[in-house]
Every structure is written in structure tokens, then in C-alpha cells.
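A.B. asks: Let me see the structure of the following:
(chains A and B)
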Number of protein chains: 2
Amino acid sequence: MPVIVQKYSGSSLSTIDKMKKVAEAVVNKKEEGNKVVVVVSAMNNTTDRLINLAKKISDEPDKRELDVLLSTGEMASASLLAMTIKEMGCDAVSYTAYQIGMRTVGDYGNSLIADLDDRAINRSLRKDKVVIIAGFQGINWLGDITTLGRGGSDTTAVAIAVKLNAICEIYTYADGIYDIDPREYKYARKLEEIDYEEVIELTSLGAQLLHLRAIELAQKYKIPIHVRLSFSDVKGTVIKEVNTMNMESKPITGIATSDEDVAVTIKDIYSDINIISNLFEALASKKINVDMISQTAPIDGRVNVSFTIPKENIETCLNIIDDFAERENVYVDKDIDKFSVVGIGMKSTSGVAARMFKLFSDNGIEVKMITTSQIRITCAIKQSDKQKAVDLVIKNFRHQ
Amino acid sequence: MPVIVQKYSGSSLSTIDKMKKVAEAVVNKKEEGNKVVVVVSAMNNTTDRLINLAKKISDEPDKRELDVLLSTGEMASASLLAMTIKEMGCDAVSYTAYQIGMRTVGDYGNSLIADLDDRAINRSLRKDKVVIIAGFQGINWLGDITTLGRGGSDTTAVAIAVKLNAICEIYTYADGIYDIDPREYKYARKLEEIDYEEVIELTSLGAQLLHLRAIELAQKYKIPIHVRLSFSDVKGTVIKEVNTMNMESKPITGIATSDEDVAVTIKDIYSDINIISNLFEALASKKINVDMISQTAPIDGRVNVSFTIPKENIETCLNIIDDFAERENVYVDKDIDKFSVVGIGMKSTSGVAARMFKLFSDNGIEVKMITTSQIRITCAIKQSDKQKAVDLVIKNFRHQ
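C.D. replies: As a prediction, this is how the structure comes out:
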């Protein structure tokens, strides 16, 4: 009998009424002849409510104790969902992290799953029970409660699916993953499948899809993740290892754009790796997230360096730069849209970047900066060109 | 260095501001040179809020899952108090039931403490940390979370004090135990000490002092409990084994009254122990709590039986009696006050009951029913006589 691990997010469990709908979906899945394990997040707003309580005590609450506090949110929703399923006449049992030996390593608030003990889960599945697991939490070698970081319940679900060699379904407010944000672009198209690498790139670009570590874990153990809409039977998107040999006609899987950054250029800085690395270290020490970086080849021992940073960090950034360069040599470009295309198909399709730049150039789109990875091309363009760029890429690169 | 186990109730922890006051008191106690273990209840209203959530799912939520849900309340307050103490610069650590191996037996929702493992607590005390324990919860042999019943955190505190051979302080909204309810009687006097048995009797009479099992546990291991006011240094009342040899001049420790009951009398019922026990069984099956029972000696094979029951059960009770007697033989007296005096001194002072009845008789107080235990006399009197009875007993029996 197939084992299915389902994960429900806090928005799907925010009220008892929604919880009843989740319970119905779970019971249906079981009655179709599956063994079902459900991983739950805290009910919406619970985690924020708990964090606010802790913030009343301290701006930086003790991390060990904060994890104890936060873990109660998932315990509560797990027990409530188990009650709801039992009330429907279907046997169910909830487990906390320590009850399934969900061992973690690393920091409080951002711990990593080391292993888990699936004996209790299997025992309950054999007894025909639905098993409900409090997500997001683990126990470290000291026996302390730890949490996996925001969104960590996704990773709990994948870890359990790995251990049970089960099908993994992540239910959320979206019905799948689209090639471009469907809230902004009507012609956005839902993807049937997407490669782990592509989701990792898109997530790094700011798309809020899944907990990044969930995808990395699924990739490591080759467990497909089915991302789908809560309370619905519609097929969503399967994240899996995609065979790139079949992908030549579809080099681009998804597009992500962001207007949250500005570009900073420093002219005529000494071409000394120490100076430049000191600059980026100084920015990092203020937690400024530097993204695209490009540097021109040196002329007379001097180079131009450009990089993008989040808008809100510009003042802090300029103050830091004052230690490295004269203000008159520093240029800030606020008219920046980071335009990224991601596709595992690029690995086997050469010249995608060249084709895209030619397309932009033919259509009068100025490309200000460029960075690439093996499966991603990001360029900074004018914000007014964003729509045109999206249209062109969809028209020319999307598999029809 | 003395070890002190302090227990704080939900009303002392209901806001972060109150929690800060508790934290200050704890830190002071530690700086006076004590090792301090603190047992906490859930923040006020948390338990009710959680129960209400569960009641939205079912009138009778699954008991195992309800215990998981309720246990989160104490986890949250334990972690928040530990954070607060750490924020004040004093090291602290919270523990849940499973982290201190608080093993329980018996039913979910009303489990009994079997044992606990004090190693983690002692390790932290040796490291000079304040130890905060989530009260009210345990782990049974299945590894399931159980709760100890309402007020169970008192019992957690006593169990830990027993294990650590520590001083036990229960902080509450009252500054101690009084010989009569101080909210009703101005001349109520706080007791310096009171015997375990006396507290057990007073609690059974409806005084809401402590979790009954906490007192029984303390009595078994002869651990004194100091009941005292939160956020105050005022000495409260110590519950301990009182030497009755010194008590001859003080036969009565406390007075309790209740107007919540009515008296039912059945005339001329057959003097057959089967009939009478069937009657009381039928009442018990409807969860009617029968208290005072008295039966006259049989005349011509028939007896009169009187008993008191809670007011609100009278209709149910009369319906049950219909199976045993004619309505015309059943009398209901609603003008009943249950007046009880409790005192361990009665064991060594003979004639207390006789002296009291003489006092009542001399002053025109009609005694309708009487029941006694070794350390308690309860009589049913008219409600209008209650104040007079209290005055007389205080004047004639209280140690001046």
C-alpha cells in the first residue's frame, strides 16, 4: 500500500473550519487505499503571535527558549488535526519531534535534520492510523528542542518521505509552480514538472516556493515533491530530476523579476583584490546582501566595480563606500529590474544567453549588468523594459 | 546550598509584565544563596483558550490529543519565563516533561506521577542555572504526553521537591490559608501552619486551596508546603505535619461553609441495604455528588434516610427517587447551610462535637443533620443561622 506524506501550511489550518476540510482531504486519501502521514505547520499567525510575546521580553530572545516556545505552535495544530480526524471516525495519532526521534544538528532557530526514527510512525501506520507530525521541530543531542527555520515544515515532510520512501505532497495556497508569477502575468503557465535545480535558483531569486533545504534534501535522495493546492484534486507541479536530454526545445523553465534592488558602480577603484574584498566584507558585516557583481578589466591599474543591493540599504552602503572611494566616483542607478531566466535545459542548449541578448538588443532593451550560472541568466534592465522583456522571452523561448 | 522549588500559578504569569515580576522574585531568591527550581502553570486563560479550540472540533475531544494540546500552555510559559530571567542576566533553562523524564501512569487528563529523573535538573543547578519546569504534564509508558488534571502543577512542584528533598513554595493570589474565608469574614485569621489532613478536609469541603494530590504527595513524603502570595515577601501558611500534642487549646483550625446543597429526606423506606445502596448507585450513575448521609434506626422495618446533594441536581434526583419511593414520602429542604469545622486537634480533644452542639442549642441554632470524621464536624443548619454559628465558633474555639 503506497505511503503518502502530505504537508499542510499554516494558511490551510488557520481555523477549525479549514482544519475540518484538511481532515476530509486526508481521510479521502486514506480511503482511496493509501497510508497517510500528515506534516503540519502552526496555524496561521500563531508563530507571529508567539514571536511577539518573546519580543516583549527581549529584542533578541534566548534562542534555545524561543525554539521551545515556537515548537508549541506545531504541537497544537498537530493535536487539533488528529482530534478532527478521529472525530470523523478515522483513527489518527499526533507525534512531536521527540516522539519520532527527529534528531537535529546545528543552531537553534535554524537546525538541520540529522536523522529520524520511523518506528513509531510505522507502528501506527500498520495499525491503520493516520499519523500527524508536528513539523518545523527537532531535538538536538542535548535533548533540547530546536526549530528548522521559517518554512521548515517542508523539510520535515521531505525528511519523513525520504525515510519512508513515500510520495511527498506539499499543499499550499498556490496550485503549483508557474513559469512566471501568475499574480502579475495573465499568460503565466503552470509547469507540470520542474527540476530541483531550477526551483533552487528560482527560490534564491526570491520566489517563495518551498523551504530551500526541503528541495535540496529531496534532490539528494531523489524524492519527487508534488506541490499542489490545498482542498483541491487538481494536479500541481512535480519537482523532480528532469531529463535534460528531452529539453532542447525548452531551454527556459521559469522567469523571475525583481525591482527591489539598486545598482551601485564605483569608478576607478584600485585593482587590488584586498581593497575589493574588504569592501564586500564591510558590506556583509552590515548584513547588506550584495547580489550581482561585475568588474571591468583594469585600465592603468584601476577598475570599475558594479553590484546590486537591496534598495533600503543604500544609505548604509554609501557610508561604507566612503572609506574606499570618493563620492564623485560613486554612481547609484535606481532604475534597475533584475530579470532572470532559469532552465535546466540551458545545460544542453548552448547560446541561450547570446540569443536572449540579441533579442533584447534588437528590441531596444538596454542590458546594464549580467550574471549567469549554469542554469540561470540574470540581467539588470530598466524597469520600464520589464514587460517587454517578459513578453519577448515568453514568445521566443517558451515551449509552445 | 538549599534548593527551593517555587510554583507560580497562571494568574501570576498572565502578562509579560507579571512574568517580569516573577523573574525578579526568582532572581532575588537565587541571589540570597539558594538554588531555585520554578514550576509554572500556563498563562491565565491559555488553557481555556485551548479547550475552546478543541470543543469546536468535538464535545468530547480525543483525550490523548487534548493532553498534547493542553501541555503546550505550560511549555510556552516555561520558555517565556526562562527568556525573561536570562534577559535579566541570570542563567536559566526550561524543561518539558519528557526532558526530565516525568513519568506518569493512569488516564489521559488525570494521570498520576510515577517518578521523575532529576539528573538534568541537578546538572543545570550545578551550573548555577535557574531551572524552569513546565508543570501539569508528564509522559506515560507509551511515550505519550499526559496531563495531571486541573491544578496539577502544584503536584508537579511537590513531586520535584520530594525528589530533590527541597523546600516547596506555592505562590498564588492569596497570602496564605485562613481559618475562614477572608473574603467573607473580616475577622478571618491567617494560619501560620496547618496539617496536611486539615487541608485535605477543607479542600474536600470546596475550599480552593491546592491540588488535592499535591497535598497527599507532600504528606506521604513529609515535605512541608509553604503557600504564599506572589510578588511578596510576607510569610504565608506552611502545610506540614502538625504535632497534635501541642494543640489541646486549639481544637479547630478552620471553618468552611457552603449553601450550594439541598437536603433530601425519604420517609419510611424499607430498611434493606440493597434498596438503599441501589438508590445511591443510581444517583452516582447520574454523577450526582451525594454528601452528608444519615439514616435513622429502623422502626417496623422502615427507616428515614436523609442526604444532601448539589442544588442543581434536585430534579434529576427526584426522578431517580420515583423508582424507590412515593413522592409524598419525599421531603426537600432548600434552607441548608453546610457548616464544617476542621481541626487535627480534635483527635486529642474529646467532646468538641458535644461542646459545639451545646453552644448551638443554647443559642437557638437548629442542627438538621450531622456527619463527622476524625478531624471534621459538619452540620446542616438554616442559612439564616450561618453568621451566628461562625461568630460563636470563632469566639469559643479559636485560640486567642
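A.B. asks: Show me what from the stretch 51-200 of chain A comes close to chain B.
C.D. replies: A:53-54, A:56-58, A:61-62, A:64-66, A:68-69, A:71-72, A:75-76, A:78-80, A:82-84, A:86-87, A:93-94, A:96, A:98-99, A:120, A:143-145 (Cβ under 8 Å from any Cβ of the partner chain). Any C-beta I mention is one placed from the backbone N, CA and C, and that applies to glycine too.
A.B. asks: where's the worst-scoring helix or strand of chain A on mean pLDDT relative to the chain centroid, distance-wise?
C.D. replies: Here the helix or strand of chain A ranked lowest by mean pLDDT, DSSP states H and E is strand A:293-295, holding a mean of 83. Put simply, strand A:293-295 sits 26 Å off its chain's centre (Cα atoms, centre = their mean, to the nearest Å).
A.B. asks: That strand pairs with which strands, parallel or anti?
C.D. replies: Here strand A:293-295 is paired, per DSSP bridges, with strand A:302-310 (antiparallel).
A.B. asks: With only the CA atoms kept, save the partner strand in CSV.
C.D. replies: C-alpha atoms of strand A:302-310 as CSV (Å, rounded to 0.1, in the frame of the first residue of the first chain):
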residue,chain,number,x,y,z
ARG,A,302,42.1,50.8,-12.0
VAL,A,303,38.8,49.1,-12.5
ASN,A,304,35.1,49.9,-12.3
VAL,A,305,33.0,47.7,-10.0
SER,A,306,29.2,47.4,-10.1
PHE,A,307,26.9,45.5,-7.8
THR,A,308,23.3,45.4,-6.8
ILE,A,309,22.0,45.7,-3.2
PRO,A,310,18.5,46.0,-1.7
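A.B. asks: for it, what is the average pLDDT?
C.D. replies: Strand A:302-310 carries an average pLDDT of 90.
A.B. asks: which stretches of chain A have low pLDDT?
C.D. replies: When residues are selected by pLDDT under 70, those of chain A lie in A:206, A:244-249, A:399-400.
A.B. asks: Next, the buried residues of stretch A:333-345.
C.D. replies: For stretch A:333-345, a neighbour-count test (16 or more other Cβ atoms under 10 Å in any protein chain shown) marks A:333, A:336-345 as buried.
A.B. asks: in the stretch 1-150 of chain A, which spans are strands?
C.D. replies: Per DSSP state E, counting those that start in this stretch, the stretch 1-150 of chain A carries strands over the ranges A:3-8, A:35-40, A:92-95, A:103-105, A:112-115, A:130-134, A:137-139, A:145-147.
A.B. asks: Now these in TSV, please, with extra columns for mean neighbour count.
C.D. replies: What follows is the strands of the stretch 1-150 of chain A, written out as TSV (neighbours: other Cβ atoms under 10 Å in any protein chain shown):
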stretch	mean neighbour count
strand A:3-8	26
strand A:35-40	28
strand A:92-95	27
strand A:103-105	19
strand A:112-115	18
strand A:130-134	29
strand A:137-139	27
strand A:145-147	30
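A.B. asks: Out of these, the one nearest A:Lys388 is which?
C.D. replies: Checking those against A:Lys388 by Cβ to Cβ gives strand A:3-8 as the closest, at 38.4 Å.
A.B. asks: quick one: A:Ser348 and chain B, what's the gap?
C.D. replies: With distances taken as Cβ to the nearest Cβ, to the nearest Å, A:Ser348 is found 51 Å from chain B.
A.B. asks: picking that back up, residues making contact with the least confident helix or strand of chain A?
C.D. replies: For strand A:293-295, contacts defined as Cβ atoms under 8 Å, 6 or more residues apart in numbering or on different chains pick out A:276, A:280, A:303-307, A:369-371.
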